[in-house]
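Student: Provide a 3D model corresponding to the input given below.
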Amino acid sequence: MAGAATVEFTDANFEAEALKATTPVLVDFWAEWCMPCRALAPTIDDLAKTYQGKVKVGKVDTDKHQKTAMTYQITAIPTVILLQNGQVVKKWVGNVKRDEFTKAIDSLVGATR
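Tutor: Next up is the predicted model:
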């Protein structure tokens, strides 16, 4: 359930793909059965296209990759975190508007897209 520019993060690749990324990383924790997650998916995919090359955007299926979800204390989905240099700089819970994400991302990468 990810767009072409959206990365699928797993327990196996999360450290290499997200924590060691040279750009900021937006991570959407979701599950197939979660309707708010499905509603947020187009926004996440759009952000992946908009910020391609500047921000890595990906998804973690919390049913399949519980270790990563537990590491970040994900107790409700959708939860989205923004990482920079492997550290959480922002966390959102619930179906958040696109502008909330772009404000936080732009503060890290600049407003030019």
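Student: Might one say that G94 is in contact with P36?
Tutor: Yes. Proximity of G94 to P36 meets the contact threshold set by Cβ atoms under 8 Å, at 6.8 Å. Glycine gets a C-beta too; all of them are placed from N, C-alpha and C.
Student: Now for these two: what residues contact both?
Tutor: Common contact partners of G94 and P36 (Cβ atoms under 8 Å, 6 or more residues apart in numbering): P78.
Student: Quick check: chain neighbours aside, which residue is closest to the most centrally placed residue in the chain?
Tutor: By Cα atoms, centre = their mean, the chain has its centre lying nearest to V27, at 1.7 Å. Spatial nearest neighbour of V27, chain neighbours left out: I81 (5.0 Å); criterion: Cβ to Cβ, 6 or more residues apart in numbering.
Student: Is the one you found in a helix, a strand, or coil?
Tutor: Under DSSP: H, G, I helix; E, B strand; the rest coil, I81 falls in the strand class.
Student: and it, what pLDDT?
Tutor: Listed pLDDT for I81 reads 98.
Student: OK, contacts around it?
Tutor: By Cβ under 8 Å, 6+ apart, the contact set of I81 is 26-27, 29, 72, 88, 90-92.
Student: In ChimeraX, select just the buried ones from the residues you listed.
Tutor: Applying 16 or more other Cβ atoms under 10 Å to these, the buried members can be selected in ChimeraX as follows:
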select :26,27,29,72,90,92
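Student: Distance to T102 added to the contacts of I81, as a markdown table?
Tutor: Below are those laid out as a markdown table (distance: Cβ to Cβ, whole Å):
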| residue | distance to T102 |
| --- | --- |
| L26 | 10 |
| V27 | 16 |
| F29 | 19 |
| Y72 | 22 |
| V88 | 18 |
| K90 | 12 |
| K91 | 16 |
| W92 | 12 |
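Student: Which of the contacts of I81 fall in strands?
Tutor: Counting by DSSP state E, the contacts of I81 place 26-27, 29, 88, 90-92 in strands.
Student: Which pair of those spans the longest distance?
Tutor: Using Cβ to Cβ, these span at most 13.7 Å, a distance reached by F29 and K90.
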